[in-house]
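In: below is the structure, and that's it, no one-letter string:
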């Protein structure tokens, strides 16, 4: 399947690499591909230069946001939450129309330091904002409740015996996403309901961040025991 | 141990009954004990009259909020979140001074219908509000992430193989609470940190409410797999 990934940070790289490994044709989108390739220093989050990563993932193509959107039958929003709508607007609503748009971002606001607060919550969510901004796309919120390594390869923790949530208005799109998630190793995919249920998964961030502190690792996940 | 329980609803009853079953001396506090005992109809939440419950839990005593606070070495706030500070004020800050105050409530606002929103979140929490209102009490937020039946008897789900969080500023108080929790069957008690971490557990409510809808039962709980 052709997959576009919007965002070149750790989340975008990890998901793009995993999708390529699973045999998909992946284009990663960035604002300015030439500038992204020219960077030779680690980014603000400590990621090595993208060109280094790309050199060891030769099956992945780099393009503009719009090129990644045009390429993808499924497009993954792997930008930071605060830049999500700007990046998706550059990707182009026409290029994303009718497509499954997987949103894995969180509305983190670091302006007050760490831990971040949420710039939208409780009575609205980033998933809903994205669906409203792109009414012709089929937004599915998922994977935003775990660290990037587990998004891409959940089996590395307890053989994958933990839970993954999907939220979205289009049942067929959620089914497509659930199949992709299962191919990555997600064994327990729980459909929470419409995109409004993204409020619930985005509001997991505060306890997730405290758990990372208490446990001393981001390699943990929620399992819904029932 | 002497335990005071503030609140006569389902949560207060379930915890009071379990504590009595475990051999503790329990006084449940209510605003007006005579009025509580005189009620002969189910309450707004569908609970049978308190007098009926008390008749089958003869080891439990009913008293005023203040009497329950005076009685308890540990006091449990089992009121609804919106009434918590008013009830604890009636219980009396002097009566609660120096004591471990277990807060199991959530800041649910039903004024907009179902699902409720949260009347405090993200940059503050009900746990913190209670700690500020009662600076001489040692507030420990816990159990607010699961249904009452599992608070009291977690082993009824998967033998208790799921997680329970504690938040509070006083390590000794958290240790006392963790011991009580373990005696109830809580096998995995995770100390998230200070009372500010209650923001994280209170903000689990939105996904908890959606999960109850998706799963069709409140008998589920979060396990932190790591």
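Out: Received it, and whenever you're ready, just let me know what you need. Model, not experiment: these values are computed from the prediction. Residues are numbered from 1 along each chain as shown, chains lettered A, B, ... in the order given.
In: who in chain A is up against chain B?
Out: Applying CB under 8 Å from any CB of the partner chain, one finds that chain A approaches chain B through A:112, A:117-118, A:121-123, A:157-158, A:161-162, A:165, A:190-193, A:197, A:199-201, A:203-204, A:206-211, A:213-215, A:217, A:219-226. The C-beta positions use only the backbone N, C-alpha and C, and glycine is treated the same way.
In: next step: these restricted to strands.
Out: Members of the residues of chain A next to chain B lying in strands (criterion: DSSP state E): A:117-118, A:165, A:190-193, A:221-225.
In: what's the local residue count around the closest residue to residue A:29 other than its chain neighbours?
Out: Once flanking residues are discounted, residue A:29 sits nearest to residue A:68: 2.7 Å by CB to CB, 6 or more residues apart in numbering or on different chains. Applying other CB atoms under 10 Å in any protein chain shown, we find 30 residues neighbouring residue A:68.
In: then the one 5 residues further on?
Out: For residue A:73, the tally of surrounding residues (other CB under 10 Å) stands at 14.
In: likewise residue A:58?
Out: By the measure other CB under 10 Å, the count of residues near residue A:58 is 8.
In: may I have the secondary structure class of it?
Out: coil (DSSP: H, G, I helix; E, B strand; the rest coil).
In: ok, it - contacts?
Out: Neighbour list for residue A:58: empty [criterion: CB atoms under 8 Å, 6 or more residues apart in numbering or on different chains].
In: so how far is residue A:56 from the closest residue to residue A:148 other than its chain neighbours?
Out: Nearest in space to residue A:148, with sequence neighbours left out and distances taken as CB to CB, 6+ apart, is residue A:14 at 4.1 Å. In this view, residue A:14 and residue A:56 are 13 Å apart by CB to CB, to the nearest Å.
In: now residue A:47
Out: On the measure of CB to CB, residue A:47 and residue A:56 end up 14 Å apart.
In: so which of those two has more stuff around it?
Out: Comparing residue A:47 with residue A:56 by neighbour count (other CB under 10 Å), the higher total belongs to residue A:47, at 15 against 8.
In: out of the ones in strands among the residues of chain A next to chain B, who's the most crowded?
Out: Going by other CB under 10 Å, residue A:165 tops these with 27 neighbours.
In: that one pairs with what?
Out: residue A:190 (DSSP bridges).
In: pretty sure it contacts residue A:140?
Out: No. Checked against CB atoms under 8 Å, the pair residue A:165 and residue A:140 is beyond contact range at 10.2 Å.
In: show the contacting residues for residue A:47.
Out: A:9-10, A:13, A:53.
In: give me the number of residues near residue A:100?
Out: 24.
In: that's a helix at the residue nearest to residue A:148, yeah?
Out: Yes. Using three-state DSSP, the assignment for residue A:14 is a helix.
In: separation between it and residue A:153?
Out: In terms of CB to CB, residue A:14 sits 8 Å off from residue A:153.
In: cool, residue A:35 as well?
Out: Look at residue A:35 and residue A:153: by CB to CB, they are 30 Å apart.
In: so where do the helices sit in chain A?
Out: Remark: helices assigned in chain A by DSSP state H are A:10-21, A:33-38, A:50-55, A:65-71, A:84-91, A:93-96, A:126-133, A:148-152, A:171-184, A:198-202, A:205-215.
In: which of residue A:35 and residue A:153 has more neighbours?
Out: residue A:153 (17 against 10).
In: ramachandran angles for the more buried one?
Out: phi -150, psi 70 (degrees, to the nearest 10).
In: wait, what's in contact with it?
Out: Counted by CB under 8 Å, 6+ apart, residue A:153 has contacts A:18, A:184-185.
In: turn these into JSON lines, including pLDDT and distance to residue A:41.
Out: Below are these laid out as JSON lines (pLDDT from 0 to 100; distance: CB to CB, whole Å):
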{"residue": "A:18", "pLDDT": "98", "distance to residue A:41": "25"}
{"residue": "A:184", "pLDDT": "98", "distance to residue A:41": "31"}
{"residue": "A:185", "pLDDT": "98", "distance to residue A:41": "33"}
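In: show me where pLDDT drops low in chain A?
Out: For chain A, applying pLDDT under 70 flags no range at all.
In: residue A:53 against residue A:13, yeah?
Out: Yes. Contact status for residue A:53 versus residue A:13: in contact at 5.3 Å, counting by CB under 8 Å.
In: the two: who's more crowded?
Out: residue A:13 (23 against 20).
In: ok so, going back, take the helices of chain A and write them to CSV, including distance to residue B:93.
Out: Formatted as CSV, the helices of chain A follow (distance: least, CB to CB, whole Å):
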stretch, distance to residue B:93
helix A:10-21, 47
helix A:33-38, 58
helix A:50-55, 57
helix A:65-71, 57
helix A:84-91, 46
helix A:93-96, 56
helix A:126-133, 40
helix A:148-152, 45
helix A:171-184, 50
helix A:198-202, 35
helix A:205-215, 28
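In: out of these, deepest packed?
Out: Of all the helices of chain A, helix A:198-202 has the most neighbours on average by mean count of other CB atoms under 10 Å in any protein chain shown, namely a mean of 29.
In: same for it, what does it pack against?
Out: Contacts defined by 3 or more CB pairs under 8 Å, 6 or more residues apart in numbering or on different chains; DSSP states H and E place helix A:198-202 against helix A:126-133, strand A:138-142, strand A:163-168, helix B:205-215.
In: does the longest one reach chain A?
Out: Think helix B:205-215. Yes. Residues of helix B:205-215 contacting chain A under CB under 8 Å from any CB: B:206-211, B:213-215.
In: measure the spatially most central residue of chain A to chain B for me?
Out: Using CA atoms, centre = their mean, the residue of chain A that lies closest to the mean C-alpha position is residue A:104, 2.9 Å off. Distance of residue A:104 to chain B, given as CB to the nearest CB, to the nearest Å: 16 Å.
In: grab the nearest non-local neighbour of that residue.
Out: Of all residues not flanking residue A:104 in the chain, residue A:143 sits nearest, at 4.3 Å (CB to CB, 6+ apart).
In: now do the end-to-end distance for stretch A:185-195.
Out: 23 Å (CA to CA, to the nearest Å).
In: nearest to residue B:94, of the helices of chain A?
Out: helix A:205-215 (32.3 Å; CB to CB).
In: now the angle from the closest one to strand B:221-225?
Out: 40 degrees (axes from the mean of the first three to the mean of the last three CA atoms, to 10 degrees).
In: just confirm residue A:93 contacts residue A:132, I think it does.
Out: No. Using CB under 8 Å, residue A:93 is not in contact with residue A:132, being 11.5 Å away.
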